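Participant: quick one: sequence plus predicted model below, questions after.
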Amino acid sequence: LMADRRYTDSRKDEQKRGLSIKATPISLLLQTSTEKHYLCNLIDTPGHVAFSDEVTAALRLADGVLFVVDVVEGLMANGERLIQHAVQQGLT
C-alpha cells in the first residue's frame, strides 16, 4: 500500500512509530516543459511539539517554507507556532 511508504522516515524508530523524529533533507531535480531544470531542496521535519528543535534548526537553513498539515489531525498549536516563527524569520 502507498500509505505504508515512508521515504523520509528512514530510522527504525520512525518507521515503527509512524512519525518523523529527525529532520531529513530531500533534493528533487525538476524539469520544465522547456527542458529547464530546477533543484528543489526540501527538509522533512517532525510535526510533534517534542521535536520542535529539529524544525527550528531546519528553518535556519531555509529560503522559504512549504507547510503541510495532516488532514486527519488538522492544524495543531505547535503548527501555529511554527508558522509564526517562519513569518518572523521572513520565510514566505
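Facilitator: Nice, thanks for sending it over.

Participant: separation between the residue lying farthest from the centre of the chain and V49?
Facilitator: The outermost residue of the chain relative to its centre, with distances by Cα atoms, centre = their mean, is T34 at 28.7 Å. Per Cβ to Cβ, to the nearest Å, T34 is found 43 Å from V49. Where C-beta positions appear, they are placed from N, C-alpha and C, glycine not excepted.

Participant: OK, contacts around the residue farthest from the centre of the chain?
Facilitator: If a contact means Cβ atoms under 8 Å, 6 or more residues apart in numbering, then T34 has no contacts.

Participant: that's a helix at it, yeah?
Facilitator: No - secondary structure of T34, determined by DSSP: H, G, I helix; E, B strand; the rest coil: coil, with no helix assignment.

Participant: okay, it: pLDDT?
Facilitator: Looking at T34, its pLDDT reads 94.

Participant: ditto for F51
Facilitator: pLDDT, read off for F51, is 67.

Participant: try A3
Facilitator: 58.

Participant: correct me if wrong: A58 contacts T24.
Facilitator: No - using Cβ atoms under 8 Å, A58 is not in contact with T24; the gap is 9.6 Å.

Participant: same question for the longest helix along the chain, mean pLDDT?
Facilitator: The residue-count maximum for a helix in the chain (DSSP state H) belongs to helix 77-88. Across helix 77-88, the average pLDDT comes to 84.
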